[in-house]
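Enquirer: 3D model of this:
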Amino acid sequence: MSLQPVSLRHIMENPPPAPEPLLSPWLMEQSFTVLQAAPKVGKTWLSLAAALAVAGGGRFLGWSAPKPRKVLYVDAENGRRRIYDRMRYLIGSIEGIDPEAAIDNFDVIGKKEHEGGTKGKPFPLIDGKEGSQQYVDVVKEYGASLIVLDTMSRLVDLDDENASAAYRPLGDTVSDLAEAGCAVLLLHHLRKGGRGSDPDAARGSGALGATVDLQIGMSRCRKGVDDLAAFKVDAAADRDGVTMSQKAKLQLGRGAARWVNGEASTAADDGETKLERVLRVAGSGQFERQKDLAAALGMDAGELSKLKKRAENDGDWTEGQLKAAMEAPAAAVAT
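Expert: Numbering: from 1, shown residues only. The predicted structure follows:
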């Protein structure tokens, strides 16, 4: 007999263990969460911070990881440089984190490394076939409690992204990962004109929603010169009583970053001079041209050039210090 019924008495007398939170209150063991937003809103900032908190047992934005866990971050879109640049700021932004545990528990399956080791072959797709089994196998081998998939557009091959049948392989893979003890956080783009807080805004959302435990939408907020990211998060569709709606910013201070709830005005320290602020903002890695840096600081290009020259003449800066500050993130990755 191939089908094996289980009595209700057996189920009631042997209840399965309740899932524990990975990042309370919204990210649970063996759950499937979709983080959806338009490009450049901050999905990667938020997902990296969440994964880092889980890996190191830390807190941010009122969410907390009770203990460090193993995390796999599948970066099919950006590569090592983006992760390195962002982790420089994020590690210090997670309160109560164990940095050594976070670094040891956080592994990356990166675009550059994968393509370099497979002669340019694309990432294995989460297609319910051979590709999916590779993800299940690495989760089992690594003992991961969380896998982050960045992004769906690079990891799922859909002929018709609105067809329910197209999402069955993804659902099967998520079920297999859950059986292996792993939660899934999947990053997903909105359809053109969609809003992050709308549960029907993601591409193929109708077909996808049936398999998802929690959909989190992100909407763009006004970003100031000191902000690395600024957005609003909403639980677009929730189960088990999880609700979420808050504005958040990741703000750059003097050599560090911090997460802030709501619309904080600035993260700059009291008493910071104009010269110090220019160098701090230049070192954020956001600006490749001095013209763009000047605009972000509320200056024109000529004003910034004069300030730079005066600082060098007065000995407040060394020659080339501003350029070096702007190139520091790229140079650090290259070494």
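Enquirer: pLDDT weak spots in the stretch 101-250 of the chain?
Expert: Residues of the stretch 101-250 of the chain meeting the criterion pLDDT under 70: 112-122, 127-130, 158-166, 191-210, 236-243.
Enquirer: what's the burial count for residue 310?
Expert: A count of neighbours around residue 310, defined by other Cβ atoms under 10 Å, yields 12. The C-beta positions use only the backbone N, C-alpha and C, and glycine is treated the same way.
Enquirer: ignore the last one, residue 20
Expert: 13.
Enquirer: for it, which non-adjacent residue is closest in space?
Expert: Closest residue to residue 20 apart from its sequence neighbours, by Cβ to Cβ, 6 or more residues apart in numbering: residue 29 at 5.2 Å.
Enquirer: the one you found against residue 145, yeah?
Expert: Yes: under the criterion of Cβ atoms under 8 Å, residue 29 makes contact with residue 145 at 6.8 Å.
Enquirer: please, where are all the helices along the stretch 101-250 of the chain?
Expert: 111-117, 130-142, 152-155, 168-179, 205-209 (DSSP state H, counting those that start in this stretch).
Enquirer: who touches stretch 317-329?
Expert: For stretch 317-329, the surrounding residues in contact (Cβ atoms under 8 Å, 6 or more residues apart in numbering) are 84-85, 88, 275, 278-279, 282-283, 285, 287-288, 290, 293, 308, 311-312, 331.
Enquirer: stretch 313-326: how far from the chain's middle?
Expert: 33 Å (Cα atoms, centre = their mean, to the nearest Å).
Enquirer: in it, what's buried?
Expert: Buried residues in stretch 313-326, counting neighbours by 16 or more other Cβ atoms under 10 Å, are found at 317, 321, 322, 325, 326.
Enquirer: which one among those gets closest to residue 97?
Expert: Closest to residue 97 out of these is residue 325 (26.4 Å), distances taken as Cβ to Cβ.
Enquirer: what's the helix or strand for the closest one?
Expert: Element membership of residue 325 [criterion: DSSP states H and E] is helix 321-334.
Enquirer: follow-up on the earlier one: and for residue 29 and residue 145, which residues touch both?
Expert: 22, 181, 183.
Enquirer: would you list those residues in TSV and tack on neighbour count?
Expert: What follows is the shared contacts of residue 29 and residue 145, written out as TSV (neighbours: other Cβ atoms under 10 Å):
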residue	neighbour count
22	26
181	14
183	27
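Enquirer: okay, those in a markdown table with distance to residue 5 next?
Expert: Converted to a markdown table, those look like this (distance: Cβ to Cβ, whole Å):
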| residue | distance to residue 5 |
| --- | --- |
| 22 | 33 |
| 181 | 25 |
| 183 | 29 |
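Enquirer: restricted to strands, list the residues you listed.
Expert: Taking DSSP state E as the definition of strands, those contribute 22, 183.
Enquirer: which one of the shared contacts of residue 29 and residue 145 sits closest to residue 167?
Expert: residue 183 (18.3 Å).
Enquirer: measure that closest one to residue 29 for me?
Expert: 6 Å (Cβ to Cβ, to the nearest Å).
Enquirer: now the common contact residues for those two.
Expert: With contacts defined as Cβ under 8 Å, 6+ apart, the residues adjacent to both residue 183 and residue 29 are 22, 145.
Enquirer: about what we covered before: what about residue 29 and residue 145, which has more around it?
Expert: Using other Cβ under 10 Å as the criterion, residue 29 and residue 145 rank with residue 145 on top: 23 against 17.
Enquirer: if we ignore the residues flanking it in sequence, what's nearest the more buried one?
Expert: Nearest to residue 145 is residue 69, by Cβ to Cβ, 6+ apart, at 3.9 Å.
Enquirer: what's the one you found sitting at in phi/psi?
Expert: Dihedral pair for residue 69: phi -130, psi 160, per degrees, to the nearest 10.
Enquirer: that one: neighbouring residues, count only.
Expert: Other residues within reach of residue 69, judged by other Cβ under 10 Å, total 25.
Enquirer: can I assume it is in contact with residue 55?
Expert: Yes: shown here, residue 69 and residue 55 form a contact pair, counting by Cβ under 8 Å, at 6.6 Å.
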